[in-house]
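>>> mind looking at a prediction? Sequence and model below.
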Amino acid sequence: MYAIAIHGGAGELSRQALSGEREAHYRDGLAQALDLGYEVLERGGTSLDAVTVAVRSLEDNPLFNAGRGASLTREGVAELDAALMEGHTLRAGAVAAVRHVKNPIELARRVMDKSRHVLLVAAGAEEFALEEGLTLVPNTYFRTPERQAELDALRSGRPASELIPSTQGTVGAVALDAAGNLAAATSTGGMSNKRPGRVGDSPIVGAGTYARNGACAVSATGHGEYFMRIVAAHHACAAVEYRRLTVQDALRETLGRLRELGGSGGLIAVDSAGRIAMDFNTQGMFRAARDSAGQRQIVI
Ligand code: ASP
């Protein structure tokens, strides 16, 4: 059995704001990332490679809030965060507040594979990217007119969701490979209009991203300040491992905890048997799933 699920963010998304054509572009972007990840699993590749490939594809897609098309700080600059984790070794790699790394998820992978550390931030992370020969780009590469409009709207007090489907829109993937190993990855530009230097849940192991064989793999999206405070991704995994909740119930319960604090967002998870759960307490979440039993769904 192998399986993959991805998300492209959760948020307050009205049906009217998402035109038929726009919705089709989102669906295409999700389908492309899903199938790229799935093909890795189909060839017998690892879940870690599958989530890396899927997230990289969403980073390259300007519709989503990660890589190109990332949300902007209040100064109009893209600052990116990403993390990934491998379930059988509990190895993890993460980067935060990088401004020039074209694919932050690849840098997170290098941090895991090639450094003695788990999390590198800002200039130190970019120095490492340079040493590793990763592609660096000017910050303008990440900025799109839609994100600039979103920032302008937020700054003037207008609701941004009229202009762009999600004020959030982080991307993530979770997978189980044929060898029975789990992995999770998340990448984001964070929250629009954030302070420079603000880091959310996505690159924090246990908060926005977590994977542990025997439990599950989780990637989160939503208001990071709340996900960090309940250590959301780890909370869901612990509920599966210690309390024997299904992934579905574990995500529901985690969202309940989030709601108690006033937080909103969504989570995706896959367990060691390939069962997938995708849940949220916002109006919508871009999400998709595919497994070797023949399931393939793309839902907004
Ligand atoms: N969780 C991300 C953050 O707080 C944002 C998002 O998911 O859209 O940085």
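Right, received. Where do you want to start? Numbering: from 1, shown residues only.

>>> for the rest of this, base every contact and every neighbour count on C-alpha atoms.
Will do.

>>> residues from the stretch 51-200 of the chain in reach of the ligand?
Contact residues, the stretch 51-200 of the chain versus the ligand (Cα under 6 Å from any ligand atom): 168-170, 190-191, 200.

>>> out of the residues you listed, what pair is the most spread apart?
For those, the farthest-apart pair by Cα to Cα is Gly169 and Gly200; their separation is 13.0 Å.

>>> relative to the centre of the chain, find the outermost residue for me.
Going by Cα atoms, centre = their mean, the residue of the chain most distant from its centre is Ser156, 27.9 Å out.

>>> and that one, how far from Leu245?
Distance from Ser156 to Leu245, counting by Cα to Cα, to the nearest Å: 44 Å.

>>> ditto for Ala211
Note on Ala211: its distance to Leu245, by Cα to Cα, is 16 Å.

>>> quick one, which of those two is more surrounded?
Ala211 (34 against 17; other Cα atoms under 10 Å).

>>> check the gap between that one and Ala239 for me.
Counting by Cα to Cα, the gap from Ala211 to Ala239 is 13 Å.

>>> pull out the buried positions in stretch 279-286.
Within stretch 279-286, the residues that qualify as buried are 279-281, 284-286, counting by 16 or more other Cα atoms under 10 Å.

>>> make a markdown table from those residues and add secondary structure, pLDDT and distance to Asp177 to it.
Formatted as a markdown table, these follow (DSSP: H, G, I helix; E, B strand; the rest coil; pLDDT from 0 to 100; distance: Cα to Cα, whole Å):
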| residue | secondary structure | pLDDT | distance to Asp177 |
| --- | --- | --- | --- |
| Asp279 | strand | 98 | 22 |
| Phe280 | strand | 96 | 25 |
| Asn281 | coil | 94 | 29 |
| Gly284 | strand | 90 | 28 |
| Met285 | strand | 94 | 24 |
| Phe286 | strand | 95 | 23 |
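
>>> and which of the residues you listed is nearest to the ligand?
Ranked by distance to the ligand (Cα to the nearest ligand atom), the buried residues of stretch 279-286 are led by Met285 at 10.3 Å.

>>> helix, strand or coil for the closest residue to the closest one other than its chain neighbours?
The spatial neighbour of Met285 that comes closest, neighbours along the chain excluded (Cα to Cα, 6 or more residues apart in numbering), is Ala10 at 4.0 Å. Assigned with DSSP: H, G, I helix; E, B strand; the rest coil, Ala10 falls in the strand class.

>>> the residue of the stretch 1-150 of the chain found nearest the ligand: what's it in contact with?
Nearest to the ligand, among the residues of the stretch 1-150 of the chain, is Gly9, at 5.6 Å (Cα to the nearest ligand atom). When contacts are counted by Cα atoms under 8 Å, 6 or more residues apart in numbering, Gly9 touches 64-65, 166, 168-171, 221-222, 266, 285-287.

>>> any idea how far the ligand is from the residue nearest to Arg229 when sequence neighbours are not counted?
Leaving out its chain neighbours, the residue that sits closest to Arg229 by Cα to Cα, 6+ apart is Ala207, at 7.9 Å. According to Cα to the nearest ligand atom, to the nearest Å, Ala207 stands 9 Å off from the ligand.

>>> His223 too?
In this view, His223 and the ligand are 5 Å apart by Cα to the nearest ligand atom.

>>> and that residue, what does it touch?
His223 is in contact with 168, 191, 200, 263-265, counting by Cα under 8 Å, 6+ apart.

>>> can you rerun that using 6 Å?
Counting by Cα atoms under 6 Å, 6 or more residues apart in numbering, His223 makes contact with Ser264.
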